[in-house]
Each structure stands twice: as structure tokens, then as C-alpha cells.
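> Build me a structure from this.
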Amino acid sequence: MSGHEDRHAGRRMARSRRAAKARADAAHEVRDMTPAVGKAGEPASWERAQEGAPVALHIGQWEDGRWSYLFGEDTQYAAAEADEEAIVAASRAAREGPPPALVQGPMMKAPVWTWEVPVYFWFGGMAAGASFVALACDLAGDERSARIARRVAVAALGPSPPLLVMDLGRPERFYNMLRIFKVRSPMSMGAWALSAFGGLATAAAGADLLGRRRTAKALGAANAVVGGYLGSYTGVLLASTAVPVWARSRLFLGPIFVATATLTGASTTRLVLVASGLEEGHPTREALGRVESGAMVAELLLSEVNERRLGRLASVLEEGEGARWFKRAKWLARAGMGLRFARRRGGPWTHHVASCCYLAAALCFRFAWVRSGPSSAGDDEAVARMARAHATAGEPDADVRVVHHR
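Residues are numbered from 1 along each chain as shown. Predicted coordinates:
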């Protein structure tokens, strides 16, 4: 056979092999192994996987699973039948069973909130508390004090948006939070509550300046309703995370933060009223003194009950940076209450100093709760116990050994 004929024979064999491969491919539908996000070393494609898909590269209804070879008809996954009872039992054990005997950490990334967050919590609570005071003064018929309380609410709210933007890093992130309205998200609802509160508070203060008393009272009442959410959502926001000490305090953080908001609003408004010339012995001045002290007592009682309920999770409230802030807050609260009850001997100035101590204690409480989060997230045993309902004093105990890898 000549060389020319050899080349023709080789070409015929190659054609026959390609035809056989094409027939096999058509019969068995060869899987496409091309990466879904593009080629290595190149930017990913941002085209939508399906026309009308809500998210790029996403088809919906879990149809993306067809991309994986694990779901091919020639695999055991496709032929195997799901054991529904075993799946239910495994899910129940993951929630209710004992934690694993050996926990290899780290289990969780610690929150990275900086000083802007507790200060934002403090100012936002103060604004909400001032709106409560304004509504109470309106109901009591003290129009002058109500007008001042509404102005205090506006002034206290002023630093909140800049602090929130500083924490987010870029102003447009706050705007992006307002692009959605998600009732089940404390972050989304908090951004909307902050915006609504600011609008109502400004409008009420403006109505006061224009002499429209009925409009100012109506706007102030609506603002107090929104203020109830603004004063509590920050505690709910902490409790909605997976950080053990925050998550297991979910029943108390909302009421604790409302108590602090009432305290700071009453104290600030009382000091401003005194500075504006409200005479000693005035009913509003006396009432605000009782409100601030009562709110401080409520804060301490709720914190104590919650701490006892937390069991071993309360260790971050007794040791570490968060514990130091809690100790400062409690000492300031005790000093304020001591001065409050000693004012008959020391005169009105002792009460003014007591109000300042209350305000400082409230700020320390905010720092204490925020600073305790990283310590709790770094407690791998607490994270493992919380996932299986073995964390607090009222939950069953279990032996856990922790191995921490960094």
C-alpha cells in the first residue's frame, strides 16, 4: 500500500471514530463540564442564566442543580430513594440532641461593630424617649414642656444618620437599605423607622414654630408610636444574630433597650427644661425625675433576671471588655440613684448630677452589650451548645471538649 493510500485510510478511520463518538454523545447526552461562571483567569459572566431570573446566574426552583454532575442519571444519587424518616430524625437531632463531644473551632466570625454603633443606639434611644415625654406632656396639658421635648427628639436624632453611615462605610449603603421594605428584617425596619421618625419629629417641631398646636400634637403622637419601635429595634437587632449571649437574650433585649430609651429621653428633657427656666417643684420636672429613676431600676432588674437566666453564657458579662462596661454602668446607676434620693439635703444640683450619671450609665450599657458580642462569638463551646439547646441555665447540660484551631 502506497503512502497516499495510507493517508486516505487514516482519514477514514478518524472520520469513523468521530461519527461513533457523535452517535454515543447523542445517545447518552454528554455532560458539559464548562465552568458555569466562565473560564479560569477570566471575569465571571453577569448574564442571567434564564430570561426573567431575579438573580444573575440563578434559574430558580433549584433548577441550578442540573449543572452538577452529581444529579446525572448515571449516578447513585439519581437512583437512590430518600429515607424520609432518617432525614427527619437527623434534623431533629441537629436541633435537640446533645452537642458533639468534640468541638473544633473557631465556630463563628465575631461581629466587627465599632464605637459608632453603641453611640448610635444611645442617641436613637434618647430621641425615642423624648418623643414619649412629649406625648405625656401633651396628655397632661403642659404644652410648653411638650414643645421642648419635641425639639429634644429632633436634636437627639441628628447624630444618628451620620453615625449609621460611618458604620456602614459609604452613604449609599444607607440609601440601599431603603430600597426594600422587609418586615422580618430588624435592619430594614430600623432604617425605615429612623427615616419615618426623623420626618415626623421635624414636622411636629415645625408645626410648633408655626403655632399649629393640634397638628403638632397629632404628629407628636404618631412619632411616639414610631419611637416605640425605634427605641426597641436595636435590641431586637442584636437578638436576631447567632451570637450566643445576644440570641439567648431575645426575650429581654427589647424591653431593656426601651427602658434605656425612656431613661435617656426623660433625663435629657428634664435637664433641658431646667436650663430653659422651668422652676423647681414644677409637676413636669418632678414627674420626669420619677420616670428616669423608675426606668433605671427597670433596666437593672431586667438585666439581672436575664443574666441569671443566661447561665454559663453570662460569663462574657462577668469577664472581659463587655463586663468592664457593665460594671461601669452599674456603678454609675447606683451613684445616680444615691444622688437622686439625697437631693433634699444637697439641693437641686444633686438631682442634675444624678441625671448626668443616668445618661452616662445608659451609654455604658449600650457599649457593654455591643462589646460582649465578640467575646461570646469567640466562645466555641457556647456556640455549639446554643445550636443544640444546651446553653442557658434552663437547658440540659452536656459535656463538650473544645479544640481551637487558628
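
> Against which helices or strands is the helix or strand encompassing Arg328 packed?
Following DSSP states H and E, one finds Arg328 within helix 321-341. Packing partners of helix 321-341 (3 or more CB pairs under 8 Å, 6 or more residues apart in numbering; DSSP states H and E): helix 283-310, helix 348-377. Backbone N, C-alpha and C define where each C-beta goes, glycine included.

> any weak-confidence spans in the stretch 201-350 of the chain?
343-346 (pLDDT under 70).

> Dump the C-alpha coordinates for stretch 134-154 into CSV.
Presented in CSV, the C-alpha positions along stretch 134-154 are these (Å, rounded to 0.1, in the frame of the first residue of the first chain):
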residue,chain,number,x,y,z
ALA,A,134,-43.6,64.9,74.5
LEU,A,135,-46.7,62.7,74.3
ALA,A,136,-47.0,62.5,78.0
CYS,A,137,-46.7,66.3,78.4
ASP,A,138,-49.4,66.8,75.8
LEU,A,139,-51.7,64.4,77.6
ALA,A,140,-51.0,66.3,80.9
GLY,A,141,-51.7,69.6,79.3
ASP,A,142,-48.2,71.0,79.6
GLU,A,143,-47.8,72.5,76.1
ARG,A,144,-44.5,74.3,76.8
SER,A,145,-42.7,71.1,78.0
ALA,A,146,-44.2,69.2,75.1
ARG,A,147,-42.7,71.7,72.6
ILE,A,148,-39.3,71.4,74.2
ALA,A,149,-39.4,67.6,74.3
ARG,A,150,-40.2,67.5,70.6
ARG,A,151,-37.2,69.7,69.9
VAL,A,152,-35.0,67.5,72.1
ALA,A,153,-36.2,64.5,70.0
VAL,A,154,-35.1,66.3,66.8
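
> which residues in this structure form strands?
In the chain, the segments counted as strands under DSSP state E are 102-105, 401-404.

> ok, of those strands, where does mean pLDDT dip lowest?
Comparing mean pLDDT across the strands of the chain, the weakest is strand 401-404, with a mean of 49.

> tell me the centre residue of this protein?
The centroid of the chain falls nearest to Leu237 when counting by CA atoms, centre = their mean (2.8 Å).

> what's the closest residue to it other than its chain neighbours in contact with, if anything?
Nearest residue to Leu237, sequence neighbours excluded (CB to CB, 6 or more residues apart in numbering): Pro186, at 4.1 Å. Residues near Pro186 by CB atoms under 8 Å, 6 or more residues apart in numbering: Tyr233, Val236, Leu237, Ser240.

> Give me the neighbour count for the first one.
Spelled out, it's Tyr233. 24 (other CB atoms under 10 Å).

> rewinding a little: please identify the deepest-packed of the helices and strands packed on helix 321-341.
helix 348-377 (a mean of 22; mean count of other CB atoms under 10 Å).

> how far away is the residue nearest to the centre of the chain from Gly231?
12 Å (CB to CB, to the nearest Å).

> again, but for Ala239
From Ala239 to Gly231 the distance is 15 Å (CB to CB).

> cool, and Arg170?
On the measure of CB to CB, Arg170 and Gly231 end up 27 Å apart.

> The two: which is more packed in?
The residue with more neighbours, out of Arg170 and Gly231, is Gly231; 29 against 9, by other CB under 10 Å.

> hmm, back to that, keeping just the C-alphas, turn the helix holding Arg328 into CSV.
Taking Å, rounded to 0.1, in the frame of the first residue of the first chain, the C-alpha atoms of helix 321-341 are listed here in CSV:
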residue,chain,number,x,y,z
GLU,A,321,-14.3,44.0,77.9
GLY,A,322,-18.1,43.8,78.0
ALA,A,323,-18.0,43.0,81.7
ARG,A,324,-15.9,46.1,82.4
TRP,A,325,-18.5,48.3,80.6
PHE,A,326,-21.3,46.6,82.6
LYS,A,327,-19.5,47.3,85.9
ARG,A,328,-19.1,51.0,85.0
ALA,A,329,-22.8,51.2,84.0
LYS,A,330,-24.0,49.6,87.3
TRP,A,331,-21.8,51.9,89.4
LEU,A,332,-23.0,55.0,87.6
ALA,A,333,-26.6,53.8,88.1
ARG,A,334,-26.1,53.3,91.8
ALA,A,335,-24.4,56.7,92.1
GLY,A,336,-27.3,58.3,90.2
MET,A,337,-29.9,56.7,92.4
GLY,A,338,-28.0,57.7,95.6
LEU,A,339,-27.8,61.3,94.5
ARG,A,340,-31.5,61.2,93.4
PHE,A,341,-32.6,60.3,96.9
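
> Could you check the angle that helix makes with helix 283-310?
Angle of helix 321-341 versus helix 283-310, following axes from the mean of the first three to the mean of the last three CA atoms, to 10 degrees, is 150 degrees.
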